[in-house]
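**Q** Fold the following for me, if possible:
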Amino acid sequence: MTGTNMFATLINVIKGSTAVLLLSINTIVMCSILFVFAFFKLISPTKSLRDFFSRILHRLVEFWTGLNNGLWSLYRKTEWDIEIPGSLDRKGTYLVSSNHQSWVDILALQKAFNRKIPMLSFFIKHQLIYVPFLGMAWWALDMPFMKRPTREQVKNNPSLKGKDLENARKACEKFKTIPVSMMSFAEGTRFSRAKAKSSNSPFDNLLKPKVGGIGMVLYALGDKLQSMIDVTIVYPKKGERDYTPTFWQLVTGQIPKIVVRARELDIPRHLLGRNFRTDRDIRRELEEWINQVWQEKDALLAQLKTS
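**A** Reported below is the predicted structural model:
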């Protein structure tokens, strides 16, 4: 290793360590404040009061995310190219669907949509509510916890079949009075050429979408959903077709460019609130709709990777 390379490596280590330290301080301070308001929410005697503290907690997360976004721009070496619709509303309720390549995707989504739409939420396994500190934080931030019976439990007790959909709907009842953006990575895992080949994906830059997560959101939230935000994320890098960045590369400014493209799509209204598991026609129409979205996303990815 030459002296120049050693110096560049040292600079990156200093940059990354500084960013991680600042992120850690930001997170510790924000979590300390979050748990105070979470306690008040926990002891609140009425739903309206709990909703009040929920709004405070969501704003706190937005502030935390905004500070983190400042860290990603600290060294200004990564070019951010973000285009999102101007029609989005912080008081709306959305299904957000994106391709998935890297853990950096979550941070890119937060940077693109912070304070533009309600806080991004995910379905979380009910068992995780008992994880110290994290379980309390997820509950305070209104993440929907979902009980999902195992295959063995369904086999022993057939009446449990389909209960996860009903549990999801119950978990989302809180969103009748709280706006939400429910996130779904339809591919189910991070994209790679090896996974695409082994799964016989019909797409060049995507894995075949699994409609279960999207179908669950449509069933659980029903008419409350305003639209779907279709997001395409790409990390174009000269000489690499499928560049997959790491968190360390983000905090050290080593990612050349991050591109986020989003569009707002109408959801076919007859798919809302319908059980895609028991109704074959609904499942077929849902699959056809998502596959059409995926075809358009695949073409956009091919274009953006060469931009």
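
**Q** Let me see the contact set for Gly188.
**A** If you count contacts by CB atoms under 8 Å, 6 or more residues apart in numbering, Gly188 has them with 207, 210, 213. In this view, the C-beta of every residue, glycine as well, is placed from N, C-alpha and C.

**Q** and if you look at Leu206?
**A** Listed by CB under 8 Å, 6+ apart, the contact set of Leu206 reads 99, 187, 191, 196, 294, 297-298, 301.

**Q** Let me know the helix or strand that it is in.
**A** Following DSSP states H and E, one finds Leu206 outside all helices and strands.

**Q** nearest spatial neighbour of it, skipping sequence neighbours?
**A** Once flanking residues are discounted, Leu206 sits nearest to Asp298: 5.3 Å by CB to CB, 6 or more residues apart in numbering.

**Q** Retrieve the pLDDT associated with the one you found.
**A** On pLDDT, Asp298 comes in at 96.

**Q** so what does whichever helix or strand it is part of touch, helix or strand wise?
**A** Counting by DSSP H and E, the element that carries Asp298 is helix 280-305. Other elements packing on helix 280-305 under the criterion 3 or more CB pairs under 8 Å, 6 or more residues apart in numbering; DSSP states H and E are helix 212-221, strand 227-234, strand 257-265.

**Q** what distance separates the helix or strand of the chain at the bottom of the mean pLDDT ranking from the middle of the whole chain?
**A** The helix or strand of the chain with the lowest confidence, counting by mean pLDDT, DSSP states H and E, is helix 151-156 at a mean of 74. Relative to the chain's own centre, helix 151-156 is displaced by 30 Å; criterion: CA atoms, centre = their mean, to the nearest Å.

**Q** same deal with stretch 113-120?
**A** In terms of CA atoms, centre = their mean, the centre of stretch 113-120 is found 11 Å from the chain centre.

**Q** Can you get me the start-to-end distance on it?
**A** 9 Å (CA to CA, to the nearest Å).
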